[in-house]
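Colleague: missing the sequence, but the structure's below:
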Ligand code: HAS
Ligand code: CU
């Protein structure tokens, strides 16, 4: 029986509280940048920022939200699930020192961005050069996350030694899958940052664009599963219990986690379909793996939908869709999770379109992709994390949510605003509206058809950004001034996390075997592009800075 474990996990909870507050602050700053850049590039809006500022805040938006907000929330969520479900403490050295490095690294890179000396976007494609502090901060952040991830595996191995014949509890399986993908994805990125980007920033080393891009996307796609697997874990493990049910199939859930481990990484070239220098064979292999890695999400679609229907019928729902009505939509931890899950359906569809080699030529580098990732990391992950926060704040801070009314409305406002924003951008992308562009009016020559879509996107953006602002206000107000609660009210996260159905260990619990198979698939999928890159020889180019590009405006 999981314990609330306040005293027992005091150190871990302290780290979780710090991680959660840091995550909320990053969400606030990154979100502010998002609405600023959106309005700056909306037709008829006053040009109130310069091009240089646009690219600086676009970099901040991507890094503070896609990297820092997500990572620090995932650390707090991982801490809680591992300690309460396994009943094992985390290594103070690994967790404490790792968290310190991660925060210091984020601050160093963040200050480089805010100083205007790292307008390289969150993908930091070379040879665009940022201040050395940006790369140094990134490297320190990654090393910090490795120590934190090691703490989870150490705790799991300790639990496994004491429970050799037990299966891995479901929540823990999701957290371990999350961090296995992180460990699969990050070493080559760290290698490339230290081998090329730090020397480029420090003494102007020339680099090969294709080589550094390939290393980045080796990391860049599995990064998305580092984001989505914790959300899927919440959908499998917490959501059903909020509705009074349980996950439809544990086995299917574990198969999904294994497929994420196997196929998250050998797919990165699907971000490089238009890159010359990588053969169609390599692109085809990565396309096949991309469709394989879509499978666990499709399994999730079925498993979670069946779970919701069972719970809805257990609550008295009748008829074809009557079970929907009886679900606990007034509970924000539930409504945020389910609305995120529904939107992920659409984000997944546009992801599969992205992965279609020929169609990718139409959507690549358009705002279609921006629409895609605001449905995926921007909502499937982020809105789920917001829903989980409504449970984690009472559990970790001993305070209830400051305004239940705001919490109840916030997920629905986000869902409506994001739907308007993202569908407008998907459509605008098909009409060729470019992404990462300071001004899309082209001195009045932009096609008329773009205008209404970009105005609708601005409207949607204002709506979901206001929902985000309400979330941050309510979260911080709860932490600072929420009514103290003792004992924890229902729903109580410690009870929800507990996995009462742990059975005997099976093949799906043999993580080391699945990890070896994953590494073999990665070697197979990446041997081709890297052989092509290194066998044809590198074409080195000197670094450039945004100033060196003489941005206008
Ligand atoms: Fe992606 C670009 C392909 C998933 C994030 N993606 C990006 C970028 C980001 C991102 C940030 O192939 C931009 C990077 C940049 O800056 O350039 N993506 C995919 C595919 C999937 C996918 C095939 N992406 C994600 C997830 C993300 C994410 C998850 C973050 C969390 N993506 C691409 C490609 C590009 C790309 C190319 C490059 C484009 C370019 O050219 O630049 C798959 O994993 C998706 C599988 C998911 C499904 C959906 C399953 C459905 C579910 C719910 C169903 C709901 C129902 C409704 C049934 C197949 C789970 C229920 C109804 C009720 C009423 C209850
Ligand atoms: Cu991808």
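Modeller: Great, that's in hand. Predicted model, so just to flag it, every value in this text is computed and none were measured. Ligands and ions are numbered 1, 2, ... in the order given.
Colleague: Please tell me how far the residue in the chain that ligand 1 sits nearest to sits from residue 379.
Modeller: Ranked by CB to the nearest ligand atom, the top residue of the chain for proximity to ligand 1 is residue 348, at 2.1 Å. (Glycine included, C-beta is placed from N, CA and C.) Here residue 348 is placed at a distance of 12 Å from residue 379 (CB to CB, to the nearest Å).
Colleague: shouldn't residue 543 be in contact with residue 129?
Modeller: Yes. Using CB atoms under 8 Å, residue 543 is in contact with residue 129, at 3.8 Å.
Colleague: more crowded one of these two?
Modeller: Legend: neighbour count by other CB atoms under 10 Å for residue 543 and residue 129, higher for residue 129 (25 against 20).
Colleague: ok, the closest residue to the residue of the chain closest to ligand 1 other than its chain neighbours - contacts?
Modeller: Leaving aside its sequence neighbours, residue 348 sits nearest to residue 297 (CB to CB, 6 or more residues apart in numbering; 5.3 Å). With contact set as CB atoms under 8 Å, 6 or more residues apart in numbering, residue 297 has these partners: 228, 232, 256, 344, 348.
Colleague: what helix or strand does residue 78 sit in?
Modeller: Assigned by DSSP states H and E, residue 78 belongs to helix 70-86.
Colleague: Now for the residue nearest the centre of the chain: which residues touch it?
Modeller: With distances taken as CA atoms, centre = their mean, the residue of the chain nearest its centroid is residue 227 (2.8 Å). Applying CB under 8 Å, 6+ apart, we find residue 227 in contact with 66, 70, 74, 376-377, 381.
Colleague: same question, residue 212
Modeller: Contacts for residue 212 were tallied using CB under 8 Å, 6+ apart; they are 125-126, 192, 196-197.
Colleague: first vs last residue of stretch 191-206, how far apart are they?
Modeller: One end of stretch 191-206 sits 16 Å from the other (CA to CA, to the nearest Å).
Colleague: Report the residue spans of this protein with pLDDT below the cut-off.
Modeller: 1-5, 487, 547-553 (pLDDT under 70).
Colleague: how does it look with 50?
Modeller: Applying pLDDT under 50 to the chain flags residues 1-3, 551-553.
Colleague: What residues does it have near ligand 1?
Modeller: Contact residues (CB under 6 Å from any ligand atom) of the chain with ligand 1: 123, 224, 227-228, 270-271, 290, 293-294, 297-298, 300-301, 305, 308, 341-342, 344-345, 348, 351-352, 354-355, 360, 364, 369, 372-373, 376-377, 380-381.
Colleague: Narrow the residues you listed to those in helices?
Modeller: 224, 227-228, 290, 293-294, 297-298, 300-301, 305, 308, 341-342, 344-345, 348, 351-352, 354, 360, 369, 372-373 (DSSP state H).
Colleague: Just give the number of residues close to residue 124.
Modeller: 21.
Colleague: right, and it touches residue 113 too?
Modeller: No. In this structure, residue 124 is not within contact of residue 113 by CB under 8 Å, at 10.4 Å.
Colleague: Confirm residue 330 sits in a strand?
Modeller: No. Assessed with DSSP: H, G, I helix; E, B strand; the rest coil, residue 330 is coil; it does not lie in a strand.
Colleague: Next, count neighbours for it.
Modeller: Around residue 330 there are 10 other residues, counting by other CB under 10 Å.
Colleague: Please name the nearest non-neighbouring residue to it.
Modeller: Spatial nearest neighbour of residue 330, excluding adjacent residues (CB to CB, 6+ apart): residue 408 at 5.8 Å.
Colleague: shouldn't that neighbour be in contact with residue 332?
Modeller: Yes. Contact criterion CB under 8 Å: residue 408 and residue 332 qualify, at 5.6 Å.
Colleague: In terms of packing, which of these two has more residues around it?
Modeller: Higher neighbour count among residue 408 and residue 332: residue 332, with 25 against 16, using other CB under 10 Å.
Colleague: excluding its backbone neighbours, what's nearest the more buried one?
Modeller: Of all residues not flanking residue 332 in the chain, residue 407 sits nearest, at 4.2 Å (CB to CB, 6+ apart).
Colleague: which residues touch that neighbour?
Modeller: Shown in contact with residue 407 (CB under 8 Å, 6+ apart): 332, 390, 401, 474.
Colleague: Make a PyMOL selection of whichever of the contacts of residue 227 turn out to be buried.
Modeller: Remark: buried members of the contacts of residue 227, expressed as a PyMOL selection using 16 or more other CB atoms under 10 Å:
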select buried, resi 66+70+74+376+377+381
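Colleague: Sort out which one of the contacts of residue 227 lies nearest residue 453 for me.
Modeller: Nearest to residue 453 among the contacts of residue 227: residue 376, at 20.2 Å, using CB to CB.
Colleague: The closest one is in contact with residue 224, isn't it?
Modeller: Yes. Using CB under 8 Å as the test, residue 376 is close enough to residue 224 to be in contact (6.6 Å).
Colleague: do you know how far residue 346 is from residue 402?
Modeller: Relative to residue 402, residue 346 is positioned 31 Å away (CB to CB).
Colleague: Okay, strands next: where are they in the stretch 401-550 of the chain?
Modeller: All strands of the stretch 401-550 of the chain, identified by DSSP state E, counting those that start in this stretch, fall at 540-541.
Colleague: Please enumerate the helices of it.
Modeller: 404-430, 450-481, 493-497, 511-535 (DSSP state H, counting those that start in this stretch).
Colleague: Make TSV from those helices and add distance to residue 247 to it.
Modeller: Formatted as TSV, the helices of the stretch 401-550 of the chain follow (distance: least, CB to CB, whole Å):
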stretch	distance to residue 247
helix 404-430	21
helix 450-481	26
helix 493-497	12
helix 511-535	20
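Colleague: Just tell me which of those ends up closest to residue 79.
Modeller: Shortest distance between residue 79 and the helices of the stretch 401-550 of the chain, using CB to CB, is found for helix 493-497: 11.2 Å.
Colleague: do you know how far the residue nearest to residue 348 is from residue 438?
Modeller: Residue 297 is 34 Å from residue 438, where distance means CB to CB.
Colleague: Kindly report the same for residue 389.
Modeller: Taken as CB to CB, the span from residue 389 to residue 438 is 33 Å.
Colleague: Nothing else from me, thank you.
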